[in-house]
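Enquirer: sequence unavailable; structure follows:
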(Lines give C-alpha, C1' and ligand atoms only; values in the text may rest on other atoms or scores of the structure.)
Protein backbone atom coordinates (compact mmCIF):
# COMPACT_ATOMS: atom_id res chain seq x y z
CA UNK A 1 0.00 0.00 0.00
CA UNK A 2 1.17 3.53 -0.78
CA UNK A 3 1.51 5.51 2.45
CA UNK A 4 2.14 8.88 0.84
CA UNK A 5 4.26 11.12 -1.37
CA UNK A 6 7.64 11.75 0.25
CA UNK A 7 9.95 13.57 -2.17
CA UNK A 8 10.75 14.69 -5.68
CA UNK A 9 14.02 14.17 -7.51
CA UNK A 10 15.64 15.77 -10.54
CA UNK A 11 18.66 14.74 -12.62
CA UNK A 12 20.84 17.75 -13.40
CA UNK A 13 23.90 18.64 -15.49
CA UNK A 14 25.68 20.79 -12.90
CA UNK A 15 24.84 20.06 -9.28
CA UNK A 16 26.31 23.26 -7.86
CA UNK A 17 24.44 25.48 -10.32
CA UNK A 18 21.16 23.67 -9.66
CA UNK A 19 21.57 23.85 -5.89
CA UNK A 20 22.13 27.62 -6.18
CA UNK A 21 19.00 27.99 -8.32
CA UNK A 22 16.68 26.07 -6.00
CA UNK A 23 18.04 27.86 -2.95
CA UNK A 24 16.95 31.12 -4.59
CA UNK A 25 13.43 29.66 -4.80
CA UNK A 26 13.38 29.15 -1.03
CA UNK A 27 14.82 25.66 -0.62
CA UNK A 28 17.47 25.08 2.03
CA UNK A 29 20.28 22.59 1.64
CA UNK A 30 20.32 19.82 4.23
CA UNK A 31 23.75 19.90 5.91
CA UNK A 32 25.94 16.86 6.33
CA UNK A 33 25.12 15.26 2.96
CA UNK A 34 28.25 14.01 1.17
CA UNK A 35 28.22 15.64 -2.27
CA UNK A 36 31.46 14.07 -3.48
CA UNK A 37 31.65 11.97 -6.62
CA UNK A 38 31.50 8.25 -5.92
CA UNK A 39 30.54 4.90 -7.32
CA UNK A 40 27.87 3.17 -5.26
CA UNK A 41 26.83 -0.40 -5.94
CA UNK A 42 23.51 0.11 -4.17
CA UNK A 43 22.65 3.17 -6.28
CA UNK A 44 23.68 1.24 -9.40
CA UNK A 45 21.17 -1.46 -8.51
CA UNK A 46 18.43 1.11 -7.88
CA UNK A 47 19.08 2.92 -11.17
CA UNK A 48 19.76 -0.20 -13.24
CA UNK A 49 23.30 0.99 -14.07
CA UNK A 50 26.80 -0.44 -13.64
CA UNK A 51 29.84 1.36 -12.25
CA UNK A 52 28.42 4.86 -12.76
CA UNK A 53 29.66 7.81 -10.71
CA UNK A 54 27.19 10.30 -9.29
CA UNK A 55 26.84 12.95 -6.64
CA UNK A 56 23.74 14.19 -4.87
CA UNK A 57 22.37 17.09 -2.86
CA UNK A 58 19.34 17.07 -0.58
CA UNK A 59 17.20 20.20 -0.27
CA UNK A 60 14.01 20.92 1.63
CA UNK A 61 11.21 23.45 1.72
CA UNK A 62 8.05 23.46 3.82
CA UNK A 63 4.85 22.30 2.20
CA UNK A 64 1.90 24.68 2.28
CA UNK A 65 -0.57 21.97 3.33
CA UNK A 66 -1.33 20.38 6.70
CA UNK A 67 1.34 21.03 9.32
CA UNK A 68 3.69 22.57 6.72
CA UNK A 69 6.21 19.77 7.15
CA UNK A 70 9.39 19.89 5.03
CA UNK A 71 9.25 18.38 1.55
CA UNK A 72 12.49 16.99 0.11
CA UNK A 73 14.00 17.62 -3.31
CA UNK A 74 16.92 15.42 -4.36
CA UNK A 75 19.25 16.68 -7.09
CA UNK A 76 21.63 14.17 -8.67
CA UNK A 77 24.38 14.55 -11.27
CA UNK A 78 25.92 11.60 -13.14
CA UNK A 79 29.18 11.36 -15.03
CA UNK A 80 31.06 8.72 -16.99
CA UNK A 81 27.98 7.77 -18.99
CA UNK A 82 26.45 9.17 -22.15
CA UNK A 83 23.46 11.34 -21.25
CA UNK A 84 20.76 13.10 -23.23
CA UNK A 85 19.30 16.44 -22.21
CA UNK A 86 15.64 15.50 -22.43
CA UNK A 87 14.12 18.90 -21.53
CA UNK A 88 16.66 21.32 -23.00
CA UNK A 89 14.80 23.38 -25.61
CA UNK A 90 11.58 21.40 -25.09
CA UNK A 91 8.20 23.01 -24.24
CA UNK A 92 6.32 22.37 -20.98
CA UNK A 93 3.72 20.29 -22.86
CA UNK A 94 6.32 17.69 -23.87
CA UNK A 95 4.88 14.26 -22.94
CA UNK A 96 6.57 13.13 -19.74
CA UNK A 97 7.53 16.68 -18.71
CA UNK A 98 7.04 17.53 -15.06
CA UNK A 99 6.70 20.67 -13.03
CA UNK A 100 6.94 21.45 -9.35
CA UNK A 101 4.70 24.19 -8.02
CA UNK A 102 5.75 26.67 -5.34
CA UNK A 103 3.62 29.27 -3.58
CA UNK A 104 5.89 32.27 -2.97
CA UNK A 105 5.47 35.34 -0.75
CA UNK A 106 6.40 37.94 -3.40
CA UNK A 107 6.59 36.81 -7.02
CA UNK A 108 7.90 40.15 -8.30
CA UNK A 109 10.80 40.15 -5.84
CA UNK A 110 11.70 36.56 -6.69
CA UNK A 111 11.53 37.44 -10.41
CA UNK A 112 13.87 40.38 -9.87
CA UNK A 113 16.29 38.37 -7.72
CA UNK A 114 16.48 35.59 -10.30
CA UNK A 115 17.07 38.08 -13.09
CA UNK A 116 19.84 39.82 -11.12
CA UNK A 117 21.52 36.45 -10.52
CA UNK A 118 21.22 35.55 -14.24
CA UNK A 119 19.06 32.59 -13.25
CA UNK A 120 15.72 33.63 -14.73
CA UNK A 121 14.55 31.42 -17.59
CA UNK A 122 10.88 32.36 -18.13
CA UNK A 123 8.37 30.43 -20.21
CA UNK A 124 5.74 33.17 -20.11
CA UNK A 125 4.68 35.56 -22.83
CA UNK A 126 7.14 38.46 -23.05
CA UNK A 127 9.13 36.95 -20.16
CA UNK A 128 6.82 38.54 -17.59
CA UNK A 129 4.74 37.46 -14.62
CA UNK A 130 1.14 36.80 -15.67
CA UNK A 131 -1.87 38.25 -13.83
CA UNK A 132 -4.76 36.02 -12.84
CA UNK A 133 -7.96 36.58 -14.87
CA UNK A 134 -9.59 39.86 -13.85
CA UNK A 135 -6.41 41.18 -12.21
CA UNK A 136 -3.58 43.41 -13.39
CA UNK A 137 -0.69 42.44 -11.12
CA UNK A 138 1.47 39.59 -12.43
CA UNK A 139 1.50 36.76 -9.88
CA UNK A 140 1.98 33.47 -11.75
CA UNK A 141 4.49 32.02 -14.21
CA UNK A 142 6.26 28.97 -15.50
CA UNK A 143 10.02 29.24 -15.34
CA UNK A 144 12.67 26.58 -15.88
CA UNK A 145 15.64 25.44 -13.86
CA UNK A 146 19.13 25.46 -15.46
CA UNK A 147 18.31 22.22 -17.33
CA UNK A 148 14.91 23.18 -18.71
CA UNK A 149 12.77 21.46 -16.06
CA UNK A 150 9.68 23.45 -15.19
CA UNK A 151 8.85 25.26 -11.97
CA UNK A 152 5.48 26.95 -11.54
CA UNK A 153 5.53 29.91 -9.19
CA UNK A 154 2.35 31.39 -7.77
CA UNK A 155 2.22 34.35 -5.42
CA UNK A 156 0.36 33.59 -2.21
CA UNK A 157 -3.13 35.04 -2.07
CA UNK A 158 -4.18 37.28 0.79
CA UNK A 159 -6.85 36.50 3.37
CA UNK A 160 -10.48 36.56 2.28
CA UNK A 161 -13.05 38.19 4.58
CA UNK A 162 -16.45 36.73 5.36
CA UNK A 163 -18.72 37.48 2.40
CA UNK A 164 -22.22 36.43 1.33
CA UNK A 165 -22.37 33.66 3.89
CA UNK A 166 -18.93 32.31 3.02
CA UNK A 167 -16.52 32.01 5.95
CA UNK A 168 -13.33 34.03 6.10
CA UNK A 169 -10.22 32.31 4.71
CA UNK A 170 -6.65 32.96 5.84
CA UNK A 171 -3.88 33.80 3.42
CA UNK A 172 -2.35 30.91 1.49
CA UNK A 173 0.92 29.99 3.21
CA UNK A 174 4.05 29.90 1.04
CA UNK A 175 5.74 26.59 0.30
CA UNK A 176 5.72 23.48 -1.85
CA UNK A 177 2.28 22.87 -3.34
CA UNK A 178 2.34 20.08 -5.93
CA UNK A 179 4.04 17.99 -8.60
CA UNK A 180 2.60 17.89 -12.12
CA UNK A 181 3.11 15.38 -14.95
CA UNK A 182 2.20 15.74 -18.64
CA UNK A 183 0.55 12.53 -19.84
CA UNK A 184 -0.72 11.16 -23.15
CA UNK A 185 -3.30 8.46 -22.36
CA UNK A 186 -5.65 9.29 -19.49
CA UNK A 187 -6.82 5.70 -19.08
CA UNK A 188 -3.25 4.45 -18.68
CA UNK A 189 -2.37 7.26 -16.28
CA UNK A 190 -5.46 6.67 -14.17
CA UNK A 191 -4.85 2.94 -14.20
CA UNK A 192 -1.41 3.44 -12.70
CA UNK A 193 -1.61 6.47 -10.43
CA UNK A 194 -5.17 5.94 -9.24
CA UNK A 195 -6.12 2.26 -9.58
CA UNK A 196 -2.71 0.88 -8.56
CA UNK A 197 -1.23 3.65 -6.42
CA UNK A 198 -4.40 5.02 -4.85
CA UNK A 199 -4.35 8.64 -6.00
CA UNK A 200 -7.71 10.29 -5.32
CA UNK A 201 -8.84 11.77 -8.63
CA UNK A 202 -12.05 13.65 -9.48
CA UNK A 203 -15.00 11.32 -10.05
CA UNK A 204 -15.33 12.60 -13.62
CA UNK A 205 -12.66 13.98 -15.92
CA UNK A 206 -12.70 17.79 -16.01
CA UNK A 207 -13.56 19.58 -19.26
CA UNK A 208 -11.01 20.69 -21.81
CA UNK A 209 -10.09 24.34 -21.37
CA UNK A 210 -8.14 26.92 -23.35
CA UNK A 211 -7.47 30.65 -23.55
CA UNK A 212 -4.89 33.39 -23.26
CA UNK A 213 -4.37 33.02 -19.52
CA UNK A 214 -3.36 29.36 -19.78
CA UNK A 215 -1.25 30.00 -22.88
CA UNK A 216 0.51 33.04 -21.48
CA UNK A 217 1.60 31.28 -18.27
CA UNK A 218 3.37 28.46 -20.12
CA UNK A 219 4.39 30.38 -23.23
CA UNK A 220 2.06 28.58 -25.63
CA UNK A 221 -0.52 29.49 -28.25
CA UNK A 222 -3.75 27.61 -28.89
CA UNK A 223 -3.27 24.95 -26.22
CA UNK A 224 -6.26 22.80 -25.30
CA UNK A 225 -5.69 21.33 -21.87
CA UNK A 226 -7.30 19.60 -18.93
CA UNK A 227 -5.97 19.34 -15.39
CA UNK A 228 -6.78 16.44 -13.10
CA UNK A 229 -5.95 17.63 -9.61
CA UNK A 230 -5.60 14.38 -7.71
CA UNK A 231 -4.06 13.98 -4.27
CA UNK A 232 -1.99 11.57 -2.24
CA UNK A 233 -1.40 11.63 1.51
CA UNK A 234 1.80 13.40 2.47
CA UNK A 235 4.18 10.77 3.86
CA UNK A 236 5.48 13.09 6.59
CA UNK A 237 2.00 14.30 7.59
CA UNK A 238 -0.55 11.63 6.75
CA UNK A 239 -3.55 13.73 7.73
CA UNK A 240 -2.59 16.16 4.96
CA UNK A 241 -2.98 15.58 1.24
CA UNK A 242 -0.66 16.88 -1.46
CA UNK A 243 -1.57 17.34 -5.09
CA UNK A 244 -0.20 15.22 -7.92
CA UNK A 245 -1.50 17.04 -10.98
CA UNK A 246 -2.09 15.06 -14.17
CA UNK A 247 -1.84 17.38 -17.17
CA UNK A 248 -3.19 16.39 -20.59
CA UNK A 249 -2.89 18.40 -23.82
CA UNK A 250 -5.43 17.59 -26.53
CA UNK A 251 -3.55 19.11 -29.45
CA UNK A 252 0.11 18.49 -28.68
CA UNK A 253 2.63 15.67 -29.11
CA UNK A 254 1.47 12.10 -28.58
CA UNK A 255 4.83 10.33 -28.52
CA UNK A 256 7.50 10.18 -25.83
CA UNK A 257 11.14 10.62 -26.74
CA UNK A 258 13.34 7.91 -25.16
CA UNK A 259 14.89 8.78 -21.83
CA UNK A 260 16.71 7.03 -19.00
CA UNK A 261 17.04 7.76 -15.29
CA UNK A 262 20.59 9.04 -15.86
CA UNK A 263 19.56 11.63 -18.48
CA UNK A 264 19.61 15.35 -17.74
CA UNK A 265 16.16 16.82 -17.18
CA UNK A 266 14.58 13.63 -15.84
CA UNK A 267 12.28 13.78 -12.82
CA UNK A 268 11.26 11.05 -10.38
CA UNK A 269 8.75 11.08 -7.55
CA UNK A 270 9.22 9.14 -4.30
CA UNK A 271 6.53 7.39 -2.26
CA UNK A 272 6.68 5.61 1.07
CA UNK A 273 4.95 2.21 1.02
CA UNK A 274 4.17 -0.77 3.20
CA UNK A 275 4.88 -4.35 2.06
CA UNK A 276 7.00 -3.40 -0.94
CA UNK A 277 7.26 -7.04 -2.00
CA UNK A 278 3.51 -7.34 -2.51
CA UNK A 279 3.37 -3.92 -4.18
CA UNK A 280 6.07 -4.73 -6.73
CA UNK A 281 4.53 -8.14 -7.45
CA UNK A 282 1.12 -6.55 -8.05
CA UNK A 283 2.54 -3.77 -10.22
CA UNK A 284 4.54 -6.20 -12.35
CA UNK A 285 1.34 -8.16 -12.85
CA UNK A 286 -0.25 -4.96 -14.11
CA UNK A 287 2.45 -4.48 -16.75
CA UNK A 288 4.49 -1.84 -14.88
CA UNK A 289 8.20 -1.85 -15.77
CA UNK A 290 10.75 -2.42 -13.01
CA UNK A 291 13.97 -0.43 -13.53
CA UNK A 292 15.88 -1.40 -10.41
CA UNK A 293 17.59 -4.73 -9.92
CA UNK A 294 14.70 -6.13 -7.97
CA UNK A 295 14.00 -4.64 -4.54
CA UNK A 296 17.23 -3.09 -3.28
CA UNK A 297 18.14 -2.80 0.39
CA UNK A 298 19.98 0.37 1.36
CA UNK A 299 22.08 1.13 4.39
CA UNK A 300 19.83 1.50 7.40
CA UNK A 301 17.39 -1.10 6.12
CA UNK A 302 15.35 0.95 3.66
CA UNK A 303 14.11 -1.22 0.77
CA UNK A 304 13.69 0.51 -2.60
CA UNK A 305 12.26 -0.22 -6.04
CA UNK A 306 12.33 2.10 -9.07
CA UNK A 307 9.53 1.66 -11.62
CA UNK A 308 8.11 3.48 -14.67
CA UNK A 309 4.51 4.38 -15.34
CA UNK A 310 2.97 2.64 -18.38
CA UNK A 311 1.92 5.86 -20.14
CA UNK A 312 4.87 8.27 -20.49
CA UNK A 313 7.46 6.22 -18.63
CA UNK A 314 7.60 8.56 -15.64
CA UNK A 315 9.94 7.31 -12.93
CA UNK A 316 8.46 6.49 -9.52
CA UNK A 317 10.58 5.38 -6.58
CA UNK A 318 8.94 3.30 -3.86
CA UNK A 319 10.60 2.74 -0.51
CA UNK A 320 9.73 0.85 2.64
CA UNK A 321 11.35 2.04 5.88
CA UNK A 322 12.96 -0.54 8.17
CA UNK A 323 10.72 -2.10 10.77
CA UNK A 324 11.03 -0.45 14.17
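Expert: Cool, got the structure. None of these values were measured; they are calculated from a predicted model.

Enquirer: now the longest strand along the chain: buried residues?
Expert: The longest strand of the chain (DSSP state E) is strand 237-249. For strand 237-249, a neighbour-count test (16 or more other CB atoms under 10 Å) marks 237, 240, 241, 242, 243, 244, 245, 246, 247, 248, 249 as buried. The C-beta positions use only the backbone N, C-alpha and C, and glycine is treated the same way.

Enquirer: with stretch 117-136 instead?
Expert: Buried residues in stretch 117-136, counted by 16+ other CB under 10 Å: 119, 120, 121, 122, 123, 124, 125, 129, 130.

Enquirer: partner strands of the host helix or strand of residue 78, with direction?
Expert: Assessed by DSSP states H and E, residue 78 sits inside strand 70-79. The pairing partners recorded for strand 70-79 under DSSP bridges are strand 2-11 (parallel), strand 53-62 (antiparallel).

Enquirer: can you give me the buried ones in it?
Expert: Going by neighbour count (16+ other CB under 10 Å), the buried part of strand 70-79 is 70, 71, 72, 73, 74, 75, 76, 77, 78.

Enquirer: make CSV out of the residues you listed and add distance to residue 85.
Expert: Shown next, in CSV, are these (distance: CB to CB, whole Å):
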residue, distance to residue 85
70, 29
71, 26
72, 24
73, 19
74, 19
75, 15
76, 15
77, 13
78, 12
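
Enquirer: closest one of these to residue 209?
Expert: Distance to residue 209, by CB to CB, is smallest for residue 71 among those, at 27.9 Å.

Enquirer: OK, contacts around the closest one?
Expert: Contact partners of residue 71, counting by CB atoms under 8 Å, 6 or more residues apart in numbering, are 7, 8, 60, 61, 62, 63, 175, 176, 234, 236, 242.

Enquirer: which ones are touching the nearest residue to residue 20 once chain neighbours are set aside?
Expert: Leaving aside its sequence neighbours, residue 20 sits nearest to residue 119 (CB to CB, 6 or more residues apart in numbering; 7.3 Å). Contacts here follow CB under 8 Å, 6+ apart; on that basis residue 119 touches 20, 21, 24, 146.
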